[in-house]
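S.K.: Could you work out the structure for the sequence below:
(2 chains)
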Number of protein chains: 2
Amino acid sequence: MKAEILSVGTEILLGDIVNTNSHYLSKELALLGISVHRQTTVGDNEDRLLDAIRSALKDCDIIFATGGLGPTTDDITKETAAKAMGKDLYIHEPSLQRIKGYFRDSARAMTAGNEKQALFPKDAYILENDNGTAPGCVMTNEKGQSIVVLPGPPKEMIPMFEEKVKPYLEKYLDSTIISKALKVIGLGEWDMASRVRDIITGNENPTVAPYAKDFESLLRITAKAENESACRALIDPVVAEIKARIGEYIYGEDDDTIEKVVGELLIRNKLKFACAESVTGGMIASRMLGYEGGMSKVFDEAFVTYSNESKTRYLGVDEVILKRHGAVSEETCHAMAKGLLENTGAQVGLVTTGIAGPDGGSPEKPVGLVYIGVNIKGTITVFRHVFSGGDRNRIRSRATVSALGHLRTELAKELN
Amino acid sequence: MKAEILSVGTEILLGDIVNTNSHYLSKELALLGISVHRQTTVGDNEDRLLDAIRSALKDCDIIFATGGLGPTTDDITKETAAKAMGKDLYIHEPSLQRIKGYFRDSARAMTAGNEKQALFPKDAYILENDNGTAPGCVMTNEKGQSIVVLPGPPKEMIPMFEEKVKPYLEKYLDSTIISKALKVIGLGEWDMASRVRDIITGNENPTVAPYAKDFESLLRITAKAENESACRALIDPVVAEIKARIGEYIYGEDDDTIEKVVGELLIRNKLKFACAESVTGGMIASRMLGYEGGMSKVFDEAFVTYSNESKTRYLGVDEVILKRHGAVSEETCHAMAKGLLENTGAQVGLVTTGIAGPDGGSPEKPVGLVYIGVNIKGTITVFRHVFSGGDRNRIRSRATVSALGHLRTELAKELN
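M.R.: Now for the predicted structure:
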């Protein structure tokens, strides 16, 4: 099956945003065995969009179009796709009701443009949008060619592709495709891949592919078979083999995030959590509170202790330790972790101290040096890292992911 | 001048690499006033590449092609571009000598494929490669249309574009292009654009274009003239007119970030800063400490006061206020702002309390309700917002940007 990926958006042509959708879809379609022959990006311009669709329909069996499903008059992808296929648009009542419901739940007013988002060809296959107002759809012409119309924002497009388009394509492809992601912290993409190299190269079904994103790594295992249980039967032994090799670094699967995994561990075990951040300065607290599963049950307070004085004042770090070993040292990190639990009602504490640069580094303590302290009911473990390469905020973000990874590993040990 | 960006590489179509070249070139060409009408990606396949070049030559004045200049037989971009323009290739002796020199200086052996990298049409303008073996070139046909052929690796492509292509284009364009961005917080893209609509539509040189990104808005003013001072003379009155309309919302220009602008105000005026975050839970502190200009001079400590108890304990918020008005109220926000300065050595304080959801909202206090408190040396101002639409972390991020915007405005008033 030949495919074209068509991105619609003047903001991409102006270089205001990076086209991550094309990359995501290319990768996913490759895993599904669908061959992408071309990627095209055009602006919000009907003539050019129509040209691009017609040109793609000359060669391809299926077009994946993203963007241009919004409520404004600039958003014309669905209308233009329908025009290219000679189809008229009608209000799709269930979609209209869903959009109205979306606005009922929010404080914003629905506009006429939002009603337009419920217009579809009568024979279109509707793709519900669980993360925004614009539904997608699949239109198919008399030759059996399809245009899959998807929203532009990745946080709407990706779940729609995963949850709605993939099952549709599987029917179309006459086989089931199941994929499982193993999520890894503490091993870079290359290290991870080299530990399971023979599994990656030795398997064709399921395929095993490594990825890196936001300072985490990921292994995706994808199987194609006649039904779900046949897929699972292909996937399970490969997952078991991977877990036997690098299981300690795998913190979760699929939609898990490190804050969700750690948050659920804390909530399930009724463990109050606190953190005190120097180098990460709020990033750990911010990330933990991003988990929407009820952090208020276990999260009362956190500190950003940037100065030496604040480390003493809020965490009781001995000034002598600070003076003798410096703020960025194993000893200070240990004292921060100790003082954090003594000065709060928490049973689990996470602390960081380090040098994010660009200034402040030395041969003994280079920029990128970070100490991470985990305190679980008084048992303190301190980890030392040097995160080299990258600017201040890259170092801080890597330290944050690393700290949450260590916290999960230590919690898992403690709770076992 | 109409342009097309053409990326060549099967690895992009397979999703193995992200196409950052298209993004980079789109942004740079927009700044030069060259309008990108389409981006296309094809694999290392002669037929499809030839089709793509011919299709682009129908519409465009100039094609920027990246990738496919390597030494292998898969690398066919230059050959195919020459074919499309009806040109033959010859060894370009200076390029061959440079390639030979490159291999003399390295430990690797030169291959016959590397000689192919020195083949060019006789009338091509050669773009030397200071970071690899493959030179680029500009081919121009009898209609005056050009194909700029560039290597694929960004570390070769970007310096070649900066150092070789830009000066070439400027000569070609026979003019200088200068652009200035005005950065806005507190007005959405649509609100901002509607207040300056006549300026946007009424100007062709400079052009004025609105954008939105990361909960901020931006107006880009771009002028084209014979030299820099002529550009400035076109830009300055338009900027003055825009500032007269929406100046209070403009926090900076070009590479300014809100944390840089606020950070510099604090450092320059020797004002100690602290924050206490409930709904934003660390995001403000994290963002402020992302500014690399020496925040340690003014930033000692910050709190995440997520529970009611922590608001009382660290900020001295009266329990009666919390009980009577609730944690998310103007009164609690005011008390947090007051207590923050009383309990720390700071002169400037920023606090937030709100409901990020998904649970916890009510008709009177919906999800998205956020109070932001600014305290400058005891003068407290509280701002109320309802950020509707979007998930928990979107609301928190919008609240963070809004809070920093309010802090800047209040600081500017106080310091005036």
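
S.K.: now the stretch 1-150 of chain A, which segments are flagged as low pLDDT?
M.R.: Low-confidence segments of the stretch 1-150 of chain A (pLDDT under 70): A:106-108.

S.K.: Name the residues of it found near chain B, please.
M.R.: Residues of the stretch 1-150 of chain A lying close to chain B (C-beta under 8 Å from any C-beta of the partner chain) are A:7, A:11-20, A:22-30, A:36-43, A:48, A:52, A:55, A:106-108, A:131. Glycine gets a C-beta too; all of them are placed from N, C-alpha and C.

S.K.: Flag every residue of the stretch 251-400 of chain A that's near chain B.
M.R.: So far as C-beta under 8 Å from any C-beta goes, the stretch 251-400 of chain A lies against chain B at A:277, A:280-290, A:292, A:294-296, A:299-307, A:309-310, A:313-314, A:357-359, A:391-393, A:396.

S.K.: Wait, residue A:221 touches residue A:241, no?
M.R.: No. Using C-beta atoms under 8 Å, residue A:221 is not in contact with residue A:241, being 10.2 Å away.

S.K.: joint contacts of these two?
M.R.: Common neighbours of residue A:221 and residue A:241, using C-beta atoms under 8 Å, 6 or more residues apart in numbering or on different chains, do not exist here.

S.K.: Could you export the lengthiest helix in chain A as CSV, CA atoms only?
M.R.: Using DSSP state H to define each element, chain A has its longest helix at helix A:392-415. Presented in CSV, the C-alpha positions along helix A:392-415 are these (Å, rounded to 0.1, in the frame of the first residue of the first chain):
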residue,chain,number,x,y,z
ARG,A,392,21.5,24.9,31.3
ASN,A,393,17.9,23.8,30.8
ARG,A,394,18.9,20.5,29.1
ILE,A,395,21.1,19.6,32.1
ARG,A,396,18.2,20.5,34.5
SER,A,397,15.7,18.5,32.5
ARG,A,398,18.0,15.4,32.3
ALA,A,399,18.6,15.7,36.1
THR,A,400,14.8,15.8,36.7
VAL,A,401,14.1,12.7,34.6
SER,A,402,17.1,10.9,36.3
ALA,A,403,15.9,11.9,39.8
LEU,A,404,12.4,10.6,39.2
GLY,A,405,13.9,7.4,37.7
HIS,A,406,16.0,6.8,40.8
LEU,A,407,13.1,7.6,43.1
ARG,A,408,11.0,4.9,41.3
THR,A,409,13.8,2.3,41.5
GLU,A,410,14.4,2.9,45.3
LEU,A,411,10.6,2.9,46.0
ALA,A,412,10.2,-0.4,44.1
LYS,A,413,13.1,-1.9,46.2
GLU,A,414,11.6,-0.6,49.5
LEU,A,415,8.1,-1.7,48.7
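
S.K.: residues in contact with the closest residue in space to residue A:134 that isn't next to it in sequence?
M.R.: Ranked by C-beta to C-beta, 6 or more residues apart in numbering or on different chains and with sequence neighbours excluded, the top spatial neighbour of residue A:134 is residue A:69, at 3.8 Å. Listed by C-beta under 8 Å, 6+ apart, the contact set of residue A:69 reads A:75, A:77-78, A:117, A:134-136, A:149-152.

S.K.: and what of residue A:188?
M.R.: Contact analysis of residue A:188 by C-beta under 8 Å, 6+ apart lists A:212, A:217.

S.K.: Give me the number of neighbouring residues for residue A:214.
M.R.: 9 (other C-beta atoms under 10 Å in any protein chain shown).

S.K.: Could you check how far it is from chain B?
M.R.: 14 Å (C-beta to the nearest C-beta, to the nearest Å).

S.K.: my guess is that residue meets residue A:401, correct?
M.R.: Yes. Checked against C-beta under 8 Å, the pair residue A:214 and residue A:401 is within contact range at 7.2 Å.

S.K.: residues contacting residue A:22?
M.R.: Residues near residue A:22 by C-beta under 8 Å, 6+ apart: A:5, A:7, A:39, A:41, A:66, B:19, B:41.

S.K.: would you list these in TSV and tack on neighbour count, secondary structure and distance to residue B:186?
M.R.: Formatted as TSV, these follow (neighbours: other C-beta atoms under 10 Å in any protein chain shown; DSSP: H, G, I helix; E, B strand; the rest coil; distance: C-beta to C-beta, whole Å):
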residue	neighbour count	secondary structure	distance to residue B:186
A:5	29	strand	37
A:7	25	strand	31
A:39	26	strand	37
A:41	28	strand	32
A:66	30	strand	31
B:19	26	coil	35
B:41	28	strand	39
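
S.K.: Which secondary structure element is home to residue A:223?
M.R.: Using DSSP states H and E, residue A:223 maps to strand A:216-225.

S.K.: Likewise for residue A:166?
M.R.: For residue A:166, the host element (DSSP H and E) is helix A:166-173.

S.K.: and residue A:263, backbone torsions?
M.R.: Torsion angles at residue A:263 (phi, psi; degrees, to the nearest 10) stand at phi -60, psi -40.

S.K.: how about the nearest residue to it, chain neighbours excluded?
M.R.: Nearest to residue A:263 is residue A:291, by C-beta to C-beta, 6+ apart, at 4.1 Å.
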